[in-house]
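**Student:** Let's see this in three dimensions:
(chains A and B)
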Amino acid sequence: DAGVIQSPRHEVTEMGQEVTLRCKPISGHNSLFWYRQTMMRGLELLIYFNNNVPIDDSGMPEDRFSAKMPNASFSTLKIQPSEPRDSAVYFCASSPSDRGTDTQYFGPGTRLTVL
Amino acid sequence: RKEVEQDPGPFNVPEGATVAFNCTYSNSASQSFFWYRQDCRKEPKLLMSVYSSGNEDGRFTAQLNRASQYISLLIRDSKLSDSATYLCVVTGGYNKLIFGAGTRLAVHP
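**Tutor:** Got it, this is the predicted structure:
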């Protein structure tokens, strides 16, 4: 079975550019999560969707970040404009549960570097 | 105070050793607890859930102490392949998992 798929795996961009990260959750999973991981702050939840609806976006750092889930098999996380402090690994995870507190399955991550 | 605190390590142990990690959490209302494993430059993967009565999965044993708000993970007969970062995870409200910063384990021959 295919796991969570993320693209691109690596992204290097310059400050001020728009960045779009993509995620395909495991088929049949109801919940999707976007996380950011840095050495300083660890793994932080950015936003959580259930049945394609955003449930909790309190972790989204600021207006430069936006996320969408137009259907059950696709989600995007967009940063516009990007800044060097956005450099991190961004993980997408999905869960078969409607709750955000059950087992989550992570994708391989997108390593973002903003110069 | 961080919501989930772990000793960052690294714990350097020889193959065959027994090693234990602890984790403390601040939210007394947390209901679910997990250990995830993260290999270098890889994604976190569920290692095991932690139940109130304690649970075992092969060489791994997890314990929960609700009164003291700590969770432990014991690894017996360490293997080289156990080298990784172990993330303590607790629930933070209805919608969130809160991840600790992780404890690094290095098993050497």
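
**Student:** going forward, measure contacts between C-alpha atoms and count neighbours the same way
**Tutor:** Fine.

**Student:** what helix or strand is B:Trp35 on?
**Tutor:** Counting by DSSP states H and E, the element that carries B:Trp35 is strand B:33-38.

**Student:** Mind listing what's buried along the next helix or strand after that strand?
**Tutor:** Next helix or strand after strand B:33-38 toward the C-terminus (DSSP H and E): strand B:44-50. Buried residues in strand B:44-50, counting neighbours by 16 or more other CA atoms under 10 Å in any protein chain shown, are found at B:Pro44, B:Lys45, B:Leu46, B:Met48, B:Ser49, B:Val50.

**Student:** what bridges to the closest residue to the first one other than its chain neighbours?
**Tutor:** Beyond its immediate neighbours in the sequence, the residue positioned closest to B:Pro44 (CA to CA, 6 or more residues apart in numbering or on different chains) is B:Gln38, lying 4.4 Å away. Per DSSP bridges, residues listed as beta-bridge partners of B:Gln38: B:Pro44, B:Thr85.

**Student:** Verify the stated contact: B:Gln38 with B:Lys45.
**Tutor:** Yes: applying CA atoms under 8 Å, one finds B:Gln38 in contact with B:Lys45, separated by 6.3 Å.

**Student:** give the contact list for B:Leu97.
**Tutor:** Listed by CA atoms under 8 Å, 6 or more residues apart in numbering or on different chains, the contact partners of B:Leu97 are A:Leu45, A:Gly100, A:Thr101, B:Val89, B:Val90, B:Thr91.

**Student:** number of nearby residues for A:Ile79?
**Tutor:** A count of neighbours around A:Ile79, defined by other CA atoms under 10 Å in any protein chain shown, yields 20.

**Student:** and it, how far is that from chain B?
**Tutor:** Distance of A:Ile79 to chain B, given as CA to the nearest CA, to the nearest Å: 21 Å.

**Student:** ok, the closest residue to chain A within chain B - contacts?
**Tutor:** Residue nearest to chain A within chain B (CA to the nearest CA): B:Asn95, separated by 4.1 Å. Contacts for B:Asn95 were tallied using CA under 8 Å, 6+ apart; they are A:Tyr48, A:Asp56, A:Arg99, A:Gly100, A:Thr101.

**Student:** quick check: mean pLDDT across the strand holding B:Trp35?
**Tutor:** Averaging pLDDT along strand B:33-38 yields 96.

**Student:** just checking, what packs against that strand?
**Tutor:** If contacts are counted by 3 or more CA pairs under 8 Å, 6 or more residues apart in numbering or on different chains; DSSP states H and E, strand B:33-38 sits against strand B:44-50, strand B:84-91.
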